[in-house]
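Asker: okay, structure incoming, though there's no sequence with it:
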């Protein structure tokens, strides 16, 4: 069965916080080509040499749609979120460390600690804004939802079975859907 179609638990007082990085080129698909018979006969396919890796937005490891789809759209249905659990989504945009600054702190760069605005899959844990938001969540002052990537546009292209939506609940893509309706 598909775990993405399993409903959230009946825990109406719960809030899910989706916090992740964006703005880094991230592999999102691989194209394989057959290997001709020969010494590599134990391997039947390899990544195509020409344009074998398609990249898109993400955190450098996980593509954007995998990071945020369930937060922005999937858990907005009554079937998957029957208790109407609140889902907050916040993206942290990756900012590269300027080369001159990186060269002046090589050990910190190697440890992933030099850039306080890093949104890489692992080193986001050193992102000062994320740390402040996690502390805020723990203290009962969560950050507002903020989606700056193309997540909502991507999520709108995912073919899904039409499900009843939560009424009155705001989610990360409501502004995007309102803009689409206004354009029609």
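Answerer: Perfect, thanks for sending it. For clarity, every value in this text was computed on a predicted model and none was experimentally measured.
Asker: flag the shaky bits of the chain, pLDDT-wise.
Answerer: Along the chain, the parts satisfying pLDDT under 70 run over 1, 35-50, 98-99, 101-115, 161-172, 180, 184.
Asker: the helices in it, which residues?
Answerer: Using DSSP state H, the helices of the chain run over residues 64-72, 99-104, 106-111, 128-138, 151-156, 174-183.
Asker: and of the ones you listed, who's closest to residue 23?
Answerer: Counting by Cβ to Cβ, residue 23 lies closest to helix 64-72 out of these; the figure is 9.6 Å. Where C-beta positions appear, they are placed from N, C-alpha and C, glycine not excepted.
Asker: return the most buried member of the helices of the chain.
Answerer: Neighbour counts (mean count of other Cβ atoms under 10 Å) averaged over each of these peak at helix 64-72, with a mean of 23.
Asker: by contact count, what packs against that one?
Answerer: If you count contacts as 3 or more Cβ pairs under 8 Å, 6 or more residues apart in numbering; DSSP states H and E, helix 64-72 packs onto strand 15-22, strand 86-93, helix 151-156.
Asker: the inter-axis angle of it versus strand 15-22?
Answerer: 160 degrees (axes from the mean of the first three to the mean of the last three Cα atoms, to 10 degrees).
Asker: and helix 64-72, how far out from the chain middle?
Answerer: For helix 64-72, the distance from its own C-alpha centre to the chain's C-alpha centre is 5 Å (Cα atoms, centre = their mean, to the nearest Å).
Asker: quick one: contacts of it?
Answerer: Applying Cβ atoms under 8 Å, 6 or more residues apart in numbering, the contact partners of helix 64-72 are 4, 16, 18, 20, 22, 26, 28, 56-59, 87, 89, 91, 147, 149-152, 154-155, 158, 171-173.
Asker: from the residues you listed, list just the buried residues.
Answerer: Those of the contacts of helix 64-72 that meet the buried threshold are 18, 20, 22, 26, 28, 57-59, 87, 89, 91, 147, 149, 151-152, 154-155, 171-173, by 16 or more other Cβ atoms under 10 Å.
Asker: dump the helices of the chain into a markdown table; add distance to residue 79 as well.
Answerer: Listed next are the helices of the chain as a markdown table, based on distance: least, Cβ to Cβ, whole Å:
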| stretch | distance to residue 79 |
| --- | --- |
| helix 64-72 | 13 |
| helix 99-104 | 47 |
| helix 106-111 | 44 |
| helix 128-138 | 27 |
| helix 151-156 | 16 |
| helix 174-183 | 18 |
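Asker: among those helices, which comes closest to residue 122?
Answerer: Per Cβ to Cβ, nearest to residue 122 of the helices of the chain: helix 106-111, 10.7 Å.
Asker: which of the helices of the chain sits closest to residue 117?
Answerer: That would be helix 128-138 among the helices of the chain, by Cβ to Cβ, at 7.4 Å.
Asker: and the angle for the closest one with strand 15-22?
Answerer: On the basis of the same axes, to 10 degrees, helix 128-138 is oriented at 180 degrees to strand 15-22.
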